[in-house]
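**Student:** Got a sequence here, can you model it:
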Amino acid sequence: MSEPDSTTRRIPVVEREQSASAADFNPVPTLGDDDDGKTGRFWSKRRVPAGLLALVVLGAAGLLLYDIAAVRAEHPAMRWRRELADDLATRPLDDTWVFTGAGVAVALGLWLLVLAVTPGLRAILPMRRPSEDVRAGLDRSAAALVLRDRAMEVSGVQSVRVQVGRSKVSVNAVSHFRQLDDVRSDLDTALGVGIRQLGLSDPPRLSVHVGRPDKKG
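**Tutor:** Predicted coordinates for the structure are as follows:
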């Protein structure tokens, strides 16, 4: 009977070939507390104000050009332009209609300037950017729904109303048992974690109010 071979043999290892795309792949970094992924608000396209202003300017310019062309063709000017010119030439500057028209023009100009220099889209909260190629936003109502569900998981909470703003999250909860201070402390902890997990660029501060349900009768 032959003795067993005690020679240790190395088992061959099959090495997988890594594709070029996998070798060059960089995992998306996670969003931690120390990440600098802040971004500004989303800018609105301002389609409605821009469209209304374009229609008004187009209509006024077309009407004025038509009247000028008619005058050049030796036709009388439109009645409204003659009356407007005569009225502006004879009406005093301290007249009520002059002040009213000037006030409306100034208000409209200021409104258009505000629309031009402000981002808009106040209902969308910008989220932190894990990379330069990704930009996301979270609707306020969706954020409020997520935080409301998390608040309802806290023991002692009967109902809760959550309002999410750009800089503040207001929570009004009703507790039907447990001490109010304990419920408020648990809500602070749970909602604080929930706000951080939303991944917002500028996390809003938290304001929690807890009360008892109204007595019936």
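**Student:** Strands of this protein, residue ranges please.
**Tutor:** With DSSP state E, the ranges of strands along the chain come out as 124-126, 137-139, 157-164, 168-175, 205-211.
**Student:** Longest helix in the chain, by number of residues?
**Tutor:** The longest helix of the chain (DSSP state H) is helix 47-72.
**Student:** now the strands of the chain in JSON lines, with mean neighbour count?
**Tutor:** For glycine as for every other residue, the C-beta is placed from the backbone atoms N, C-alpha and C. Shown next, in JSON lines, are the strands of the chain (neighbours: other C-beta atoms under 10 Å):
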{"stretch": "strand 124-126", "mean neighbour count": "21"}
{"stretch": "strand 137-139", "mean neighbour count": "15"}
{"stretch": "strand 157-164", "mean neighbour count": "18"}
{"stretch": "strand 168-175", "mean neighbour count": "19"}
{"stretch": "strand 205-211", "mean neighbour count": "16"}
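**Student:** Touching stretch 156-165 from outside, list them.
**Tutor:** For stretch 156-165, the surrounding residues in contact (C-beta atoms under 8 Å, 6 or more residues apart in numbering) are 125, 140-141, 143-145, 147-148, 151-152, 169-178, 182-183, 186-187, 204, 213.
**Student:** Ignore what I typed, I meant stretch 203-210.
**Tutor:** So stretch 203-210 is contacted by 164-175, 180, 183-184, 187-188, 191-192, 195-196 (C-beta under 8 Å, 6+ apart).
**Student:** Quick test: name the residue nearest the centre of the chain.
**Tutor:** Nearest to the geometric centre of the chain sits Ile124, at 2.1 Å (C-alpha atoms, centre = their mean).
**Student:** Phe42 is in contact with that residue, correct?
**Tutor:** Yes: Ile124 is within contact range of Phe42, at 5.3 Å (criterion: C-beta atoms under 8 Å).
**Student:** joint contacts of these two?
**Tutor:** Residues touching both Ile124 and Phe42 (C-beta under 8 Å, 6+ apart): Gly137.
**Student:** where are the low-confidence patches of this structure?
**Tutor:** For the chain, the stretches with pLDDT under 70 are 1-39, 216-217.
**Student:** all helices of it, in order?
**Tutor:** Assigned helices in the chain, in chain order: 20-23, 47-72, 79-90, 96-117, 140-152, 180-197 (criterion: DSSP H).
**Student:** Please name the bridge partners of the residue lying closest to Ala143 once chain neighbours are set aside.
**Tutor:** Distances taken as C-beta to C-beta, 6 or more residues apart in numbering place Val164 nearest to Ala143, at 4.7 Å, with adjacent residues excluded. Beta-bridge partners for Val164, by DSSP bridges, are Val169.
**Student:** tell me the domain boundaries of the protein?
**Tutor:** By the record's domain assignment, the chain is partitioned as 47-117, 126-211 (automatic domain parsing).
**Student:** Regarding the shortest one, how distant is the last residue from the first?
**Tutor:** End-to-end distance for domain 47-117: 15 Å, by C-alpha to C-alpha, to the nearest Å.
**Student:** Give the phi and psi angles for Ser44, as a check.
**Tutor:** phi -80, psi 150 (degrees, to the nearest 10).
**Student:** For Asp67, which residues are in contact?
**Tutor:** So Asp67 contacts 77-78, 81 (C-beta under 8 Å, 6+ apart).
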